[in-house]
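In: Sharing a sequence plus its predicted fold:
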Amino acid sequence: MLKILKYSFYDLMRSRWSYVYFFFYLILGFVLLFLNNDVSKAIITIMNIILVLTPLIGTIFGVMYYYDSREFTELLLAQPLKRSTIFMGQYFGVAISLALSLVLGLGIPFAAYGLFQSSEIWNFSSLLVTGAFLTFIFVALSYNLALSYENKIKGFGFAILMWLFFAVIYDGIFLILMMSFNDYPLDKMALIGSSLNPIDLSRILIILKLDISALLGYTGAVFKNFFGTMSGMVTSFGLLVAWVVFPIWRIVGKSRKKDF
């Protein structure tokens, strides 16, 4: 699997779109840090961009890489290799390369700014960790969809629809439910609903780390009482890990049953 991972990693790193993705975050970090004296505001701005852009890029790259490398995958399948080894190597190659572009793209300007010697390093670290988690999650989800549909247009369309659901539609449905049942206790409903969406869960973790839970609205106190504790933080990161592990498990299962 390591050889396939290495090939997929270098293949994607040679792509010009990987450099575009890297330089976008690099330029964004320098602009926000050196034109804005408030580091917290810069981190909040980057957070809002990461929560939308990172899942989208992970979704697009995951689907495109699967379909574009189909002929090479069929060649590998003719070799005495396990199917799960081939697809897992490709998945990790894509996910690691995108996560590395994100971490380096933002890490270089923050290091140049001297942030690693200040107290904001922990807030920034949580931002990078959640961004990397979102990359692994949405690459895995999109890879699952690509494995499910032979038609490239159909697979790409469902992948974009999946991203749109988690990034926009889910919040709308969740808000409508909260408003419809505002006469009832909504503590558990708010916690469960946020945990079922990796983007919302990542947003809550970053906001609580920045100690600006007022941005979460009237349920901010509920989130802070749960996610702000040590057990809540462990639970939330465990949920993010589960969001990575379950799609990977599905990739392994689908790869064993899929006909080529």
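Out: Okay, I see it.

In: Remind me what the strand or helix carrying residue 204 packs against, helices and strands.
Out: Residue 204 is part of helix 198-209, with elements assigned from DSSP states H and E. Other helices and strands packing on helix 198-209, by 3 or more C-beta pairs under 8 Å, 6 or more residues apart in numbering; DSSP states H and E, are helix 39-68, helix 121-148, helix 170-180, helix 187-195, helix 220-227, helix 230-257. For the C-beta atoms, the positions are set from N, CA and C on the backbone; glycine is no exception.

In: any idea of the angle it forms with helix 187-195?
Out: Between helix 198-209 and helix 187-195, the angle formed by their directions is 110 degrees, by axes from the mean of the first three to the mean of the last three C-alpha atoms, to 10 degrees.

In: measure the most centrally placed residue in the chain to residue 79 for me?
Out: Among the residues of the chain, the one closest to the centroid is residue 134, at 1.2 Å (C-alpha atoms, centre = their mean). Note on residue 134: its distance to residue 79, by C-beta to C-beta, to the nearest Å, is 33 Å.

In: nearest to residue 160, of the helices and strands packed on helix 198-209?
Out: Distances from residue 160 to each of the helices and strands packed on helix 198-209 were compared by C-beta to C-beta, and the smallest falls on helix 39-68, at 6.9 Å.

In: how far is that closest one from where the chain is centred?
Out: Computed by C-alpha atoms, centre = their mean, to the nearest Å, the chain-centroid distance of helix 39-68 equals 7 Å.

In: now residue 198: how far from residue 69?
Out: 26 Å.

In: Next: residue 121.
Out: 38 Å.

In: cool, residue 166 as well?
Out: 25 Å.

In: re the thing from before, please convert the helices and strands packed on helix 198-209 to TSV, extending it with mean pLDDT.
Out: As requested, these are arranged in TSV below (pLDDT from 0 to 100):
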stretch	mean pLDDT
helix 39-68	88
helix 121-148	89
helix 170-180	79
helix 187-195	73
helix 220-227	58
helix 230-257	83
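
In: for these, which one ends up most surrounded?
Out: The densest packing among the helices and strands packed on helix 198-209, expressed as mean neighbour count by mean count of other C-beta atoms under 10 Å, is seen in helix 121-148 with a mean of 23.

In: could you give the mean pLDDT of the helix or strand following that one?
Out: Helices and strands here follow DSSP H and E; after helix 121-148, the next one along the chain is helix 152-164. Averaging pLDDT along helix 152-164 gives 92.

In: Residue 55 and residue 131 touch, don't they?
Out: No. Using C-beta atoms under 8 Å, residue 55 and residue 131 do not qualify as a contacting pair, with a distance of 9.7 Å.

In: Name the residues that touch stretch 142-155?
Out: The list of residues contacting stretch 142-155 from outside it, by C-beta atoms under 8 Å, 6 or more residues apart in numbering, reads 58-63, 66-67, 87, 90-91, 94, 158-159, 162, 247, 250-251, 254-255, 258.

In: could you redo the last one with a cut-off of 6 Å?
Out: The contact list for stretch 142-155, computed with C-beta atoms under 6 Å, 6 or more residues apart in numbering, reads 59, 62, 63, 66, 67, 91, 158, 159, 247, 250, 251, 254.

In: Which residues are in contact with the fifth one?
Out: Okay, so that is residue 67. Neighbour list for residue 67: residue 152 [criterion: C-beta under 6 Å, 6+ apart].

In: Against residue 145, how distant is it?
Out: Applying C-beta to C-beta, one obtains 11 Å for the distance of residue 67 from residue 145.

In: Equivalent analysis for the last one, please.
Out: For residue 254, the distance to residue 145 equals 10 Å [C-beta to C-beta].

In: roughly how far out does the host helix or strand of residue 33 sit from the chain middle?
Out: Taking DSSP H and E as the definition, one finds residue 33 inside helix 16-35. The chain centroid and the centroid of helix 16-35 are separated by 18 Å, computed with C-alpha atoms, centre = their mean.
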